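J.: sequence first, predicted coordinates after that:
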Amino acid sequence: MNEEALVERAQRGDVQAYNELVLAYQQLAYNVAYRITSNEDQAMDATQDGFLKGYRALSQFRGGSFKAWILRIITNCCYDQLRRRQRRPQTPIDDLLENDEHSRLLEDTDDRPETAVERQEFDITIQRALNLLPEDQRVTVIMSDIEGMSYEEIAAATDVALGTVKSRLSRGRAKLRAFLSEHQELLPSYLRLSGEV
């Protein structure tokens, strides 16, 4: 995919070119949004809102990484979702019917049942730990350690200096380590430190 060419075509009004960009980054965007919001519906809404806002603001894109630019917009949409949730807490009807702790989009259907259960428990534990982090550290850890983005991409996506990214990542990882050390019983047995329960 030639991102720069697609962006140029999209800026000239080629909707198909923008759709190709959306297809290229929609899973990454959803994964980041889900980890920030911890809610499937809010993550989908934030992702959709972000891509729509990105399309409307495409004329303001001045080059660089489109991926970082669109993730910044989607991250801001996630913050909007979180602020709305704080103002009007609610329980979606789906949550009353079934307690689906993570997105079905993230499931690996090739796992054996016991491996799938361990993976689900581990995902729940990691999400709990991520939810305890301040928003800036959570976003940085998600983009780096879950989505594999470089420091430079994270700096561009969050609109902060490279040193700030490194600092947030270091503090976030330290807090995650502390949480996981204190709650080893929540981890699958193969991830626990030796000599621990």
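T.: Thanks, I have the structure now.

J.: now Ala161. Nearest residue, chain neighbours left out?
T.: Ala155 (6.5 Å; CB to CB, 6 or more residues apart in numbering). The C-beta positions use only the backbone N, C-alpha and C, and glycine is treated the same way.

J.: what count of nearby residues applies to that neighbour?
T.: 20 (other CB atoms under 10 Å).

J.: next one: Gln184
T.: 14.

J.: then Ala129?
T.: 21.

J.: CA atoms only: put stretch 138-158 into CSV for me.
T.: Output in CSV follows, covering the C-alpha atoms of stretch 138-158 (Å, rounded to 0.1, in the frame of the first residue of the first chain):
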residue,chain,number,x,y,z
ARG,A,138,-2.6,3.5,29.1
VAL,A,139,-2.6,4.9,25.5
THR,A,140,1.2,4.8,25.3
VAL,A,141,1.4,1.3,26.6
ILE,A,142,-1.3,0.1,24.3
MET,A,143,0.3,1.6,21.2
SER,A,144,3.7,0.4,22.1
ASP,A,145,3.3,-3.0,23.7
ILE,A,146,0.1,-4.2,22.2
GLU,A,147,0.1,-2.6,18.8
GLY,A,148,3.8,-2.6,18.3
MET,A,149,4.1,1.1,17.2
SER,A,150,7.5,2.8,17.3
TYR,A,151,8.2,5.7,19.8
GLU,A,152,8.1,8.1,16.9
GLU,A,153,4.7,6.9,15.7
ILE,A,154,3.3,7.1,19.2
ALA,A,155,4.7,10.7,19.6
ALA,A,156,3.0,11.7,16.4
ALA,A,157,-0.3,9.9,17.3
THR,A,158,-0.4,11.5,20.8
